[in-house]
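Novice: sequence and predicted structure below; questions after.
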Amino acid sequence: MIPQQEIRQICDRIVKSGELGRSRTYAAILEYLADHAIAGTIPKEISIAIDVLGRESNFDVGKDSIVRVHIYHLRTKLNTYFARQGHLEKYRLSIPKGQYMLAITENDPVAADAAVPALAASPEPAIAGEPAVRRRNYTPWLAAVAILILLANFLTRVGQPKAEVATNPFLSSRLWQPLLDDNAPILILIGDYYIMGEKNEHGDVLRMVREFDINSPAELAASQTAGANSKYLNLELGYTPTSTAKALAQVMKVFGAQSQRIKVKMTSELNTRDLVGSHIIYLGLLSGMRGLNDLMFAASGLGLGATYDDLINLDTDLVYNSSSGLSGKASYHDYGMLSTFPSPGGTQFVLLAGMRDEGLANLAEEVTTPNKLAALEQTVALDSKQTPAFEALYEVRGYDNTNFDAILVYTKKLDTKVLWETRLIDAP
């Protein structure tokens, strides 16, 4: 039997370590779970929502995932504490997946250290300088034939390609530099959606429809085998939001002459092996990320709300909610989220996701416009000696289908050890 005082002291050390962040929310949830562990009871999701998060008694846990989001991130923060600061603790506190209880076990320092694989060290690439322009040097032998020499010089240059004077402005960008300074392939993943044909009683297709829980022909076939969705017909069709074309055009500017390294693929076709050995860029909406969504939020300070139109700041409980296309009003606001981090193999992930079209289109412009990109990197205060790992959120306001400038509303550096600790992608 573990002494109650020992459990409370461990909780106190975890809170004082700073691993839970500045918000008191995670400390309150930890203390609440500890009280139940000491009492030998397991709290319910609704109890945490009401007793700790201050929700009303009619709070619907089926529609609002705020408790699950907080528990998910608290689980990660506990793992981080025992991997970095608490590896010598006698006991280890953890939250089993899918549960709302605090598990207390004897701590194994070796296992704690092994739980966080060391990221492969990536040497800091040098920033290429402006290339020298090679010119032929014609030294005049005689003043009398100077005109002939100049003419010969002109004739030898006719038809030759013009030397490129300007360097790629993104070579000095901390966001794009890891993708530009090597020859690794670049895979751009486009967030896409599956659509079906809806049949009438005669078997004719009346219209094309999208169901949120059917994202592939295989899923449609499985649901029909189970006796549902018989009115739908597989048309082998998909679609992408209009903003992805705009975002792709913006991102291609970054690579210029290196565009031959780029391959474009739909997220519906993503396999886990695609992520090995390639830099990864995602362009699309939050709802189209599939397995990449899990990576984007693994070490994030943001969490998804009840829908893909909501993000929650897990330190402040501030909710960012898109009204694009939903309010029925001429004015609107939307959000675009950037997340970038290195993989254990040294390649880089750059994920650009909007809640809706406006958020993605404006986010892509912000990170591919040199002066705007420089302002972002200055705000994040990136370490020039480390591979970039951070996230940012932009708010876009508009009126009557006209977007105004995006505003940076949130940034955070990411702990890549936490991100890759137990993270796997559930790719199709």
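Specialist: Yep, it's here. Only a predicted model underlies this, so the values are computations on that prediction, with no experimental measurement involved. Residues are numbered from 1 along each chain as shown.

Novice: right, and A37 touches L102 too?
Specialist: Yes. Between A37 and L102 there is a contact under CB atoms under 8 Å: 4.3 Å. From N, CA and C alone the C-beta is placed, and that goes for glycine too.

Novice: what's the longest helix in the chain?
Specialist: helix 66-84 (DSSP state H).

Novice: what is the mean pLDDT for that one?
Specialist: Averaged over helix 66-84, pLDDT sits at 87.

Novice: between A37 and L102, which has more neighbouring residues?
Specialist: The neighbour comparison of A37 against L102 (other CB atoms under 10 Å) goes to L102, with 25 against 20.

Novice: and stretch 179-187, what's buried?
Specialist: By neighbour count on 16 or more other CB atoms under 10 Å, the buried set for stretch 179-187 is L179, L180, D181, A184, I186, L187.

Novice: and the pLDDT for the second one?
Specialist: I take that to be L180. Reading off the model, L180 has pLDDT 90.

Novice: could you do A364 as well?
Specialist: pLDDT, A364: 95.

Novice: would you agree it is in contact with L352?
Specialist: Yes. Applying CB under 8 Å, one finds A364 in contact with L352, separated by 5.9 Å.

Novice: please, where are all the strands along the stretch 301-428 of the chain?
Specialist: Using DSSP state E, counting those that start in this stretch, the strands of the stretch 301-428 of the chain run over 302-304, 310-313, 319-321, 331-342, 348-354, 390-399, 402-413.

Novice: identify the contacts common to A364 and L352.
Specialist: A247, V251, L283, G336 (CB atoms under 8 Å, 6 or more residues apart in numbering).

Novice: ok, those vs L88, which is closest?
Specialist: Nearest to L88, judged by CB to CB, of the shared contacts of A364 and L352 is G336 at 42.5 Å.

Novice: how close does that closest one sit to V205?
Specialist: Remark: distance between G336 and V205 (CB to CB, to the nearest Å) = 35 Å.

Novice: those two: who's more crowded?
Specialist: G336 (31 against 13).

Novice: which parts of the longest helix of the chain are buried?
Specialist: Buried residues in helix 66-84 (16+ other CB under 10 Å): 66-84.

Novice: need the helices for the stretch 101-250 of the chain, in chain order.
Specialist: Per DSSP state H, counting those that start in this stretch, the stretch 101-250 of the chain carries helices over the ranges 109-114, 146-157, 177-180, 217-225, 242-255.

Novice: what's the shortest one packed up against?
Specialist: In this case it means helix 177-180. helix 242-255, strand 279-285, strand 348-354 (3 or more CB pairs under 8 Å, 6 or more residues apart in numbering; DSSP states H and E).

Novice: of these, give the one that comes closest to L88.
Specialist: Smallest distance to L88 across these (CB to CB): 33.0 Å, for strand 348-354.

Novice: all strands of the stretch 101-250 of the chain, in order?
Specialist: 103-106, 186-190, 193-199, 205-209, 232-239.

Novice: rewinding a little: got a markdown table for the helices and strands packed on helix 177-180, with mean pLDDT and mean neighbour count too?
Specialist: Shown next, in a markdown table, are these (pLDDT from 0 to 100; neighbours: other CB atoms under 10 Å):
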| stretch | mean pLDDT | mean neighbour count |
| --- | --- | --- |
| helix 242-255 | 93 | 18 |
| strand 279-285 | 96 | 25 |
| strand 348-354 | 96 | 25 |
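
Novice: any chance of those in CSV, plus distance to G98?
Specialist: Converted to CSV, the helices and strands packed on helix 177-180 look like this (distance: least, CB to CB, whole Å):
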stretch, distance to G98
helix 242-255, 34
strand 279-285, 27
strand 348-354, 26
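
Novice: out of those, flag the one nearest S322.
Specialist: Per CB to CB, nearest to S322 of the helices and strands packed on helix 177-180: strand 348-354, 8.5 Å.

Novice: my read is that S173 contacts L376, right?
Specialist: No. The criterion here is CB under 8 Å, and S173 misses it with L376 at 9.5 Å.

Novice: mind listing what L187 touches?
Specialist: I262, K263, V264, K265, D274, L275, S278, H279, I280, I281.

Novice: in ChimeraX, how would I select the buried members of the residues you listed?
Specialist: Selecting the buried subset of the contacts of L187 in ChimeraX, with 16+ other CB under 10 Å as the burial test, is done by:
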select :262,274,275,278,279,280,281
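
Novice: including distance to F59, could the contacts of L187 go into TSV?
Specialist: Listed next are those as TSV, based on distance: CB to CB, whole Å:
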residue	distance to F59
I262	46
K263	46
V264	43
K265	41
D274	40
L275	38
S278	43
H279	42
I280	37
I281	38
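
Novice: beta partners for G238?
Specialist: Y194 (DSSP bridges).

Novice: 42 is where my numbering starts, stick with that
Specialist: With 42 as the first residue, the last one maps to G279.

Novice: what sits against it?
Specialist: So G279 contacts D233, Y234, Y235, I236, M307, S309 (CB under 8 Å, 6+ apart).

Novice: any idea how far it is from S309?
Specialist: Distance of G279 to S309, given as CB to CB: 6 Å.

Novice: okay, and the common contacts of these two?
Specialist: D233, Y235.

Novice: quick revisit: the helix or strand that the longest helix of the chain is followed by packs against which elements?
Specialist: Downstream of helix 107-125, the first helix or strand assigned by DSSP states H and E is strand 132-135. Packing partners of strand 132-135 (3+ CB pairs under 8 Å, 6+ apart): helix 45-58, helix 107-125, strand 144-147.
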